[in-house]
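>>> just coords:
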């Protein structure tokens, strides 16, 4: 794996789920997500909505913020960055279920939403 990707994942911290016997959802909305278009180098802006049912651990929000800010200088298509974020969060938290909706700001009159989902087996 690319060392810079490992550095990004290492930013994510977790804490013990305070209610592991109950299934409940956590929804985190990130209205100021930024990455770079790999074709033009211009910034892409979007709102991320992360919804998950935790298993043993929950993601710590300050670390999530730092992790997401690390994408400001990463060139990636919408589809790639959305799937990468979901994969990284799943690898750290091992949730029962996680859904990520990335609603990107319109560019050239076109708005794109990328929706990815993970379910534990």
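Arrived safely. Because the structure is predicted, anything quoted here is derived from the model rather than measured. Numbering: from 1, shown residues only.
>>> Outside of the lengthiest helix in the chain itself, list whatever touches it.
Determined from DSSP state H, the single longest helix within the chain is helix 78-93. Under the contact criterion Cβ atoms under 8 Å, 6 or more residues apart in numbering, helix 78-93 has outside partners 5, 8-9, 12, 14, 35, 44, 46, 48, 50, 52, 54-55, 57-59, 67-68, 71, 74, 76, 95, 98, 100, 102, 104, 112, 114, 116-118. The C-beta positions use only the backbone N, C-alpha and C, and glycine is treated the same way.
>>> Run through this protein and note the low-pLDDT ranges.
Counting by pLDDT under 70, the chain has low-confidence residues at 1-4.
>>> all helices of it, in order?
3-10, 61-69, 78-93.
>>> Distance check, residue 12 against residue 105.
For residue 12, the distance to residue 105 equals 25 Å [Cβ to Cβ, to the nearest Å].
>>> ok, the residue sitting nearest the centre point of the chain to residue 21 distance?
The chain has residue 85 as the residue nearest its centroid, 3.7 Å off, counting by Cα atoms, centre = their mean. From residue 85 across to residue 21, the span is 28 Å (Cβ to Cβ).
>>> And residue 82, by the same measure?
In terms of Cβ to Cβ, residue 82 sits 31 Å off from residue 21.
>>> quick one, which of these two is more surrounded?
In this view residue 82 and residue 21 are compared by other Cβ atoms under 10 Å, and residue 82 has more residues nearby, 24 against 5.
>>> thinking again about what came up before, got the helices of the chain as TSV, with distance to residue 30 columns?
TSV is the format used below for the helices of the chain (distance: least, Cβ to Cβ, whole Å):
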stretch	distance to residue 30
helix 3-10	15
helix 61-69	6
helix 78-93	10
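>>> Who does the nearest residue to residue 32 once chain neighbours are set aside form a beta bridge with?
Once flanking residues are discounted, residue 32 sits nearest to residue 45: 7.4 Å by Cβ to Cβ, 6 or more residues apart in numbering. Beta-bridge pairing of residue 45, defined through DSSP bridges, involves residue 34.
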